[in-house]
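Chemist: Give me a 3D structure for the following:
(chains A, B, C and D)
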There are 2 protein chains.
Amino acid sequence: MKKIVLIEDDADLFALLKYNLEKEGFAMVGAQTGKGAIELCRRERPDLILLDIMLPDSDGLDICKGIRQHPELAHLPVIFLTARATETDRIVGLELGANDYIVKPFFVRELIARIKIHFRGQSAPNRLLKAGPLELDRTSCRVRLLDSEVSLTATEFRLLEFLMSRPGIVFSREQLLDAVWGHDRAVTDRTVDVYILRLRQKIEADAVSPNFIRSVRGFGYSFNEPAPVLATA
Amino acid sequence: MKKIVLIEDDADLFALLKYNLEKEGFAMVGAQTGKGAIELCRRERPDLILLDIMLPDSDGLDICKGIRQHPELAHLPVIFLTARATETDRIVGLELGANDYIVKPFFVRELIARIKIHFRGQSAPNRLLKAGPLELDRTSCRVRLLDSEVSLTATEFRLLEFLMSRPGIVFSREQLLDAVWGHDRAVTDRTVDVYILRLRQKIEADAVSPNFIRSVRGFGYSFNEPAPVLATA
DNA sequence: CCCTTTTGTAATCTAGTTGTGACGGTCGAT
DNA sequence: ATCGACCGTCACAACTAGATTACAAAAGGG
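Modeler: Numbers count the residues shown, from 1 in each chain, chains lettered A, B, ... in the order given. Just a heads-up that it's a prediction; the model follows:
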């Protein structure tokens, strides 16, 4: 869950944003004055900062400058919220190191969308497939079982990746050959059996592992859904 | 120098933007139709894409979606330029994967400031890449291993830089050729092997060095993550 | 212009991977 | 219970991808 620091002196707007952003699943920390904003950020270590420019006691632009100078905070995205809409205002804001500049009045949903842009990318949506003690990392092509690495061959990896990314769905050997081996394959469908076997030997070899791969007689294979019960016994 | 692809059907605006952005030091490539926009991007490999939403022959939103699906282009920043200013329009645009959404008419200088935001960050942060006893300094183009300098050739350096700056991620020979040799290369993919070998001879020659570069059979190569364990004696 | 370094290709070698046929067990339907 | 279809398992032969070496062409530096 991402944490956001909100610096905004208008109490109504402050409450409105806090309410809406919390509803959106962000952890909100706020202040209604600019004083101590930097200390607040250092303490809270947020993932993003929403900053009003015109504050009663200090200038949002200065706060932003301060943030950019702190090595621990410098990389954080800063979004300005302001009523100042002239060209110069905007440019000064953006060139000072802000990552976005939103002019009041604005749509709350647009603000949310813009906040999410800054969290996108880092998350790398589906690089990691997990199923209980089994993890498959698509970017590093590694598979871990109970925190120790399992070494798979390329074909084994692609087959497991395909199945894990569509848990619960049963695929025929035909479909698996198309998906993993490619359309222009020249491979017997019994080959799939062998690879399922090899995968099972590698990821279901130990006692604790559940039956990750399910055979569905007459249809094909599927990866068992989320939390497979420790079947045994 | 950064390269920008501009897709905009209005000839006047197209010319205005091209002029101003080139003056600002960007390399501009453009089209006035949406057709073939994706192919254009794949060919030109820009660093950012400016996209009009309402094009005579196709929808900018679709183009953006297409870009996000191409693995080679998915990470590129996309900025929408559009006259559509309703709340829904903005949110759809932003949630579709755009990185910014600018409503016409806009200030050219603001557009420039917003473009620069996306290039910021990349430039400053890590001029020094470190991995255990290995250091790569991007600005001085030097590599040190155990505090003594290693002399690499230009291609070796670029390859190592590319891999080190994305630790843990596996790249195919294809991807490495695109990234290090350039997409207009005329080079066999076996060449990558040879350069990996040369790098290994230079940075893994001594006994203390861990295996910095990992071969992932069937996939490609990756730089080992942060503190590579001295694997299994 | 010559010599050195760099660059890319081709060929070779090897360990590991891949796909197949065979065999036997199991499941389910009759 | 019997039969046939289906699946799990094994061992083997062909093959591939990667490491390595050697070499020719290109680039660079004096």
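
Chemist: ranges for the strands of chain A?
Modeler: A:3-7, A:27-31, A:48-52, A:78-82, A:100-103, A:128-131, A:134-137, A:142-145, A:148-150, A:213-216, A:220-223 (DSSP state E).

Chemist: how about the helices in chain A?
Modeler: Applying DSSP state H to chain A gives helices spanning A:11-23, A:37-44, A:60-69, A:87-95, A:108-119, A:154-164, A:173-176, A:190-203.

Chemist: out of those, nearest to DNA strand D?
Modeler: helix A:190-203 (4.1 Å; Cβ to the nearest atom of the strand). (Glycine included, C-beta is placed from N, CA and C.)

Chemist: quick one: buried residues of that closest one?
Modeler: A:Val192, A:Tyr195, A:Ile196, A:Leu199, A:Lys202, A:Ile203 (16 or more other Cβ atoms under 10 Å in any protein chain shown).

Chemist: What residue, apart from its backbone neighbours, is nearest A:Arg173 spatially?
Modeler: A:Asp189 (3.9 Å; Cβ to Cβ, 6 or more residues apart in numbering or on different chains).

Chemist: wait, the one you found sits on A:Phe171?
Modeler: No. Taking Cβ atoms under 8 Å as the definition, A:Asp189 is not a contact partner of A:Phe171, at 11.6 Å.

Chemist: and the two? which has more neighbours close in?
Modeler: Taking neighbours as other Cβ atoms under 10 Å in any protein chain shown, A:Asp189 and A:Phe171 compare with A:Phe171 leading, 21 against 13.

Chemist: what's that one in contact with, if anything?
Modeler: A:Phe162, A:Leu163, A:Ala179, A:Gly220, A:Tyr221, A:Ser222 (Cβ atoms under 8 Å, 6 or more residues apart in numbering or on different chains).

Chemist: Kindly report the same for A:Ala11.
Modeler: By Cβ under 8 Å, 6+ apart, the contact set of A:Ala11 is A:Gln32.

Chemist: can you count the residues close to A:Thr33?
Modeler: Counted by other Cβ under 10 Å, the residues lying close to A:Thr33 total 14.

Chemist: That one and DNA strand D, how far apart?
Modeler: 58 Å (Cβ to the nearest atom of the strand, to the nearest Å).

Chemist: residue contacts, the closest residue to that residue other than its chain neighbours?
Modeler: Spatial nearest neighbour of A:Thr33, excluding adjacent residues (Cβ to Cβ, 6+ apart): A:Asp57 at 5.2 Å. Contact analysis of A:Asp57 by Cβ under 8 Å, 6+ apart lists A:Thr33, A:Gly34, A:Lys35.

Chemist: hang on, the last one packs against A:Ser58?
Modeler: Yes. Counting by Cβ under 8 Å, a contact exists between A:Lys35 and A:Ser58, whose distance comes to 6.2 Å.

Chemist: Kindly reformat the buried residues of helix A:190-203 as CSV containing pLDDT and distance to chain B.
Modeler: Shown next, in CSV, are these (pLDDT from 0 to 100; distance: Cβ to the nearest Cβ, whole Å):
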residue, pLDDT, distance to chain B
A:Val192, 93, 18
A:Tyr195, 95, 13
A:Ile196, 94, 18
A:Leu199, 93, 15
A:Lys202, 90, 15
A:Ile203, 89, 18
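
Chemist: Give the burial count for the residue in chain A that chain B sits nearest to, as a bare number.
Modeler: Relative to chain B, the nearest point of chain A is A:Ala154 (2.5 Å; Cβ to the nearest Cβ). By other Cβ under 10 Å, 12 other residues sit near A:Ala154.

Chemist: Could you tell me how far it is located from B:Ala11?
Modeler: Distance, A:Ala154 to B:Ala11, using Cβ to Cβ, to the nearest Å: 50 Å.

Chemist: Same check on A:Ile117?
Modeler: Relative to B:Ala11, and taking Cβ to Cβ, A:Ile117 is found at 30 Å.

Chemist: ok, now A:Asp178?
Modeler: 46 Å.

Chemist: Tell me how many other residues surround A:Leu159.
Modeler: Other residues lying near A:Leu159 total 23 when counted by other Cβ under 10 Å.

Chemist: With the one 4 residues further on instead?
Modeler: Taking other Cβ under 10 Å as the neighbour definition, A:Leu163 ends up with a count of 28.

Chemist: Specify the beta-bridge partners of the nearest residue to it once chain neighbours are set aside.
Modeler: Leaving out its chain neighbours, the residue that sits closest to A:Leu163 by Cβ to Cβ, 6+ apart is A:Phe223, at 4.0 Å. With DSSP bridges as the criterion, A:Phe223 is bridged to A:Ile213.

Chemist: Without its sequence neighbours, what residue ends up closest to A:Asn224?
Modeler: The shortest distance from A:Asn224 to any non-neighbouring residue, by Cβ to Cβ, 6+ apart, is to A:Arg214 (5.3 Å).

Chemist: same question but for A:Met1, I mixed them up
Modeler: Distances taken as Cβ to Cβ, 6+ apart place A:Ala27 nearest to A:Met1, at 5.6 Å, with adjacent residues excluded.

Chemist: again with A:Leu73
Modeler: Spatial nearest neighbour of A:Leu73, excluding adjacent residues (Cβ to Cβ, 6+ apart): A:Ile67 at 4.7 Å.

Chemist: where in chain A is pLDDT low?
Modeler: A:121-125, A:207-209, A:226-233 (pLDDT under 70).

Chemist: Which residue of it lies farthest from its centroid?
Modeler: Taking Cα atoms, centre = their mean, the residue of chain A most remote from its mean C-alpha position is A:Thr188, at 39.0 Å.

Chemist: For A:Val180, see how far away that one is.
Modeler: Taking Cβ to Cβ, one finds A:Thr188 at 14 Å from A:Val180.

Chemist: now do A:Asp206
Modeler: The value you get for A:Asp206 to A:Val180, if Cβ to Cβ is used, is 25 Å.

Chemist: hang on, the earlier thing: of the contacts of A:Phe171, keep whichever come out buried.
Modeler: Buried, going by 16+ other Cβ under 10 Å: A:Leu163, A:Ala179, A:Gly220, A:Tyr221, A:Ser222, out of those.

Chemist: which of those lies closest to B:Gly97?
Modeler: Lowest distance from B:Gly97 to the buried ones among the contacts of A:Phe171 (Cβ to Cβ) belongs to A:Ala179, with 25.3 Å.
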